[in-house]
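**Student:** got a sequence here, can you build the structure:
(one chain, ligands or ions: 2)
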Amino acid sequence: MRRMRGFGETIFAEMTQLANDTGAINLGQGFPDTDGPESLLSGAARHIMAGVNQYPPGPGRRELRAAVAADRSRRYGLDYDPDTEVYVTVGATAGIAASVQALVEAGDEVVLFEPMYDSYPAVIALAGGVRRPVPLRPSAADGGRFRFDPDELRAAFGPRTRLIIVNTPHNPTGTVFTRDELALIAELCVEHDVIALTDEVYEHLVFDGAEHHVLAGLPGMRERTLAVSSVGKTFSVTAWKTGWVIGPPPLVRAVQTVNQFLTFTANGALQLAIADAIRDEQAWVLAQRDALQGKRDRLSAGLRAAGFDVLRPQGTYFVMADIRPLGYTDGIELARALPRSAGVAAVPAQVLYDHQDEGRHLVRFAFCKRDDVLDDAVARLSAGG
Ligand code: PMP
Ligand code: GLN
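**Tutor:** Ligands and ions are numbered 1, 2, ... in the order given. As a prediction, this is how the structure comes out:
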């Protein structure tokens, strides 16, 4: 297919396959190796056994839409109508895909930050859109935090810009965008009449007291922002593929128009269990966040001891490591070799860039694993490499 030329198998699937084939510890694809809260799992089973097994309404179960709206209001002070402003999708992935198909016409430009989550370029290509990537680079002055150059961001906006995609907390760098960074994005969106799609799937996984800010809360942005989030990362159930899109009615209606022909609707019983967990399991989410912060520190210290230069993430499941201190220069080569040479799989960041030189020397490791698994991975990397 011409529009998808250049898009092969996703890097996450490739590295998981390689890990499985070689028996390596999989620190590539981001998924936890422990389950979500017991009440969530048993709730889903209970709803299934109670007969919640037929199509839910197209926009999703009202219980979940109401729980999502209440959570958004409580956390961020933004009120949304569950009936017209919240729409349930098959994971954040389908929410992002439907949003881009709904909003981007052929030739429209989409500003986004690189490295970028791999579904963005693919769905922009499907819509016939044009990417305008703005690099995030590690800043020595900012403890290695990845950030953008405001002038490069300004220069990426132009008369053809239709959409900006903002992923915060950011996969794979772990950057949590500051209020000031979001304020500049908001200012440019308003000035150029651009819509924002925010990918907030790691919204609850922020460390060291960092705060997740929502772009929709900034002046002029509520009416031009579609926020996407999902259950997978918040509750350690990445296979449940249940997400939601939140925004003003005209934008949500546009998403619905597309999505009703992509997936029509999402699952049923899981939505009811998720609604309960969003309401009742907030202590679990906080404990999970704190545990992940410890895992970040554990893996980071181990990677440093193994010789990598580690770039400290403020959130997400991931840590970026610079491979040059170990004498390597090509992250793709290293990531393809590492499962066999050291028994550990990781993701080369380079494939998540348009300007691939920016990320040639960076490899992403996932720390959302049991402590003993992280320790084993570090021991292997220190011994083999
Ligand atoms: N966006 C980002 C930044 C991600 O890392 C992921 C993977 N969890 C997704 C979207 C997809 O989320 P979901 O599994 O809910 O489709
Ligand atoms: N979001 C996860 C990651 O970045 C995996 C997603 C996927 O496999 N498509 O690793």
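
**Student:** every contact and neighbour count from this point should use C-alpha atoms.
**Tutor:** OK.

**Student:** show the pLDDT at residue 5.
**Tutor:** Among the per-residue scores, residue 5 holds a pLDDT of 89.

**Student:** try residue 385
**Tutor:** 51.

**Student:** isn't residue 377 right up against residue 346?
**Tutor:** No: counting by Cα atoms under 8 Å, residue 377 does not reach residue 346; the two are 10.6 Å apart.

**Student:** so those two - more neighbours on which side?
**Tutor:** Neighbours per residue, other Cα atoms under 10 Å: of residue 377 and residue 346, the larger number sits with residue 346, 28 against 23.

**Student:** quick one, phi psi at the more buried one?
**Tutor:** For residue 346, the backbone dihedrals (degrees, to the nearest 10) come out as phi -140, psi 180.

**Student:** what's the closest non-adjacent residue to it?
**Tutor:** Take residue 346 and drop its neighbours on the chain: the residue closest to it by Cα to Cα, 6 or more residues apart in numbering is residue 28, 3.9 Å away.

**Student:** part of a strand, is that neighbour?
**Tutor:** No: in this structure, residue 28 is coil, not part of a strand, as judged by DSSP: H, G, I helix; E, B strand; the rest coil.

**Student:** isn't residue 236 right up against residue 41?
**Tutor:** No: at 10.8 Å, residue 236 does not count as touching residue 41 under the criterion of Cα under 8 Å.

**Student:** could you pull out the strands for the stretch 101-250 of the chain?
**Tutor:** Along the stretch 101-250 of the chain, counting by DSSP state E, counting those that start in this stretch, strands occupy 109-114, 130-135, 137-139, 145-147, 161-167, 195-199, 225-230, 243-246.

**Student:** will you turn the ones you listed into a markdown table that also has mean pLDDT, distance to residue 256 and mean neighbour count?
**Tutor:** Shown next, in a markdown table, are the strands of the stretch 101-250 of the chain (pLDDT from 0 to 100; distance: least, Cα to Cα, whole Å; neighbours: other Cα atoms under 10 Å):
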| stretch | mean pLDDT | distance to residue 256 | mean neighbour count |
| --- | --- | --- | --- |
| strand 109-114 | 98 | 21 | 24 |
| strand 130-135 | 98 | 23 | 22 |
| strand 137-139 | 96 | 36 | 16 |
| strand 145-147 | 98 | 33 | 21 |
| strand 161-167 | 99 | 18 | 24 |
| strand 195-199 | 99 | 15 | 24 |
| strand 225-230 | 98 | 12 | 27 |
| strand 243-246 | 98 | 10 | 28 |
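
**Student:** so which of these is nearest residue 327?
**Tutor:** Distance to residue 327, taken as Cα to Cα, is lowest for strand 137-139 among the strands of the stretch 101-250 of the chain, at 19.5 Å.

**Student:** direction included, what does the closest one pair against?
**Tutor:** For strand 137-139, the paired strands and their directions (DSSP bridges) are strand 145-147 (antiparallel).

**Student:** off-centre distance for the strand it pairs with?
**Tutor:** 16 Å (Cα atoms, centre = their mean, to the nearest Å).

**Student:** hmm, who's touching it?
**Tutor:** The set of residues external to strand 145-147 that reach it, using Cα atoms under 8 Å, 6 or more residues apart in numbering, is 135-139, 173-175, 311-313.

**Student:** now the spatially closest residue to residue 139 that is not a sequence neighbour: how far from residue 178?
**Tutor:** Spatial nearest neighbour of residue 139, excluding adjacent residues (Cα to Cα, 6+ apart): residue 145 at 5.5 Å. From residue 145 across to residue 178, the span is 11 Å (Cα to Cα, to the nearest Å).

**Student:** what about residue 52, neighbour count?
**Tutor:** Residue 52 has 17 neighbouring residues, counting by other Cα under 10 Å.

**Student:** all strands of the stretch 251-385 of the chain, in order?
**Tutor:** 309-311, 318-322, 344-345, 347-348, 362-366.

**Student:** need the ones you listed in TSV with mean pLDDT and mean neighbour count, can you?
**Tutor:** Shown next, in TSV, are these (pLDDT from 0 to 100; neighbours: other Cα atoms under 10 Å):
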stretch	mean pLDDT	mean neighbour count
strand 309-311	97	21
strand 318-322	98	25
strand 344-345	98	29
strand 347-348	97	28
strand 362-366	98	26
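
**Student:** how about those, which one is nearest residue 22?
**Tutor:** strand 344-345 (9.2 Å).

**Student:** low-scoring pLDDT stretches of the protein, where are they?
**Tutor:** 384-385 (pLDDT under 70).

**Student:** going by neighbour count, list what's buried in the lengthiest helix in it.
**Tutor:** Longest helix in the chain, counting residues (DSSP state H): helix 282-305. Using 16 or more other Cα atoms under 10 Å as the test for burial, helix 282-305 gives 285, 288-293, 295-296, 298-300, 302-304.

**Student:** on that earlier part again, got TSV for the strands of the stretch 101-250 of the chain, with distance to residue 50 too?
**Tutor:** Below are the strands of the stretch 101-250 of the chain laid out as TSV (distance: least, Cα to Cα, whole Å):
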stretch	distance to residue 50
strand 109-114	44
strand 130-135	47
strand 137-139	51
strand 145-147	48
strand 161-167	37
strand 195-199	34
strand 225-230	24
strand 243-246	23
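
**Student:** ok so, going back, was I right to think the residue nearest to residue 346 contacts residue 14?
**Tutor:** No: the pair residue 28 and residue 14 fails to qualify as a contact (Cα under 8 Å) at a distance of 9.4 Å.

**Student:** which of these two has more neighbours?
**Tutor:** Neighbour totals were compared for residue 28 and residue 14, and residue 28 leads with 26 against 16 (other Cα under 10 Å).
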